[in-house]
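>>> Got a sequence here, can you build the structure:
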Amino acid sequence: MECKLQRGILGNAIRTARIEQHISQEELAERVGITSTHLKHIESEHRKPSIEVLYKIVIELTMSLDAVFLPGKSEDPELRQRTIFLLSQCDDRQLKVVYATIEAILKNVE
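Model (predicted):
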């Protein structure tokens, strides 16, 4: 089964997350272990990243690929990315508070 992403979605998601975090292409490329030219090609979608490189980019940018691979899941993918970025800065105690709050909100929705 072939799975095709709409052209531009993955590259734009990576570029947006990188820019929001004020990280240059050169800096991200160095962190991921690729050349800045390779990253430019990934963001412009002239090349597709390997699973390993994509994983490293996602980890470095603390981004969620839900909005990319599951369109329609969130009406505001940037909000999801910003939330995940903030969560990555929380310690365990803070995460427990956030988790309990989300759990309570979702129970009230049902």
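>>> Quick check: the gap between the residue nearest the centre of the chain and E103.
In the chain, the centroid-proximal residue (CA atoms, centre = their mean) is M63; its distance is 2.1 Å. Applying CB to CB, to the nearest Å, the value for M63 to E103 is 23 Å. All C-beta atoms are positioned from the backbone trio N, CA, C, and that covers glycine.
>>> Beyond the helix-or-strand element of the chain with minimal mean pLDDT, next helix or strand please.
Using mean pLDDT, DSSP states H and E, helix 66-69 stands out as the lowest-scoring helix or strand of the chain, at a mean of 64. Counting by DSSP states H and E, the element after helix 66-69 in chain order, helix or strand, is helix 77-87.
>>> Low-confidence stretches in this structure?
1-7, 66-75, 77, 109-110 (pLDDT under 70).
>>> So what's the residue count around A100?
10 (other CB atoms under 10 Å).
>>> Could you do the one 5 residues further on as well?
I105 sits with 9 neighbouring residues when counted by other CB under 10 Å.
>>> got a list of contacts for the helix or strand containing it?
If you go by DSSP H and E, I105 is part of helix 92-109. Residues outside helix 92-109 that contact it (CB atoms under 8 Å, 6 or more residues apart in numbering): L87, C90.
>>> how far is that helix from where the chain is centred?
Averaging C-alpha positions (CA atoms, centre = their mean, to the nearest Å) puts helix 92-109 22 Å from its chain's average.
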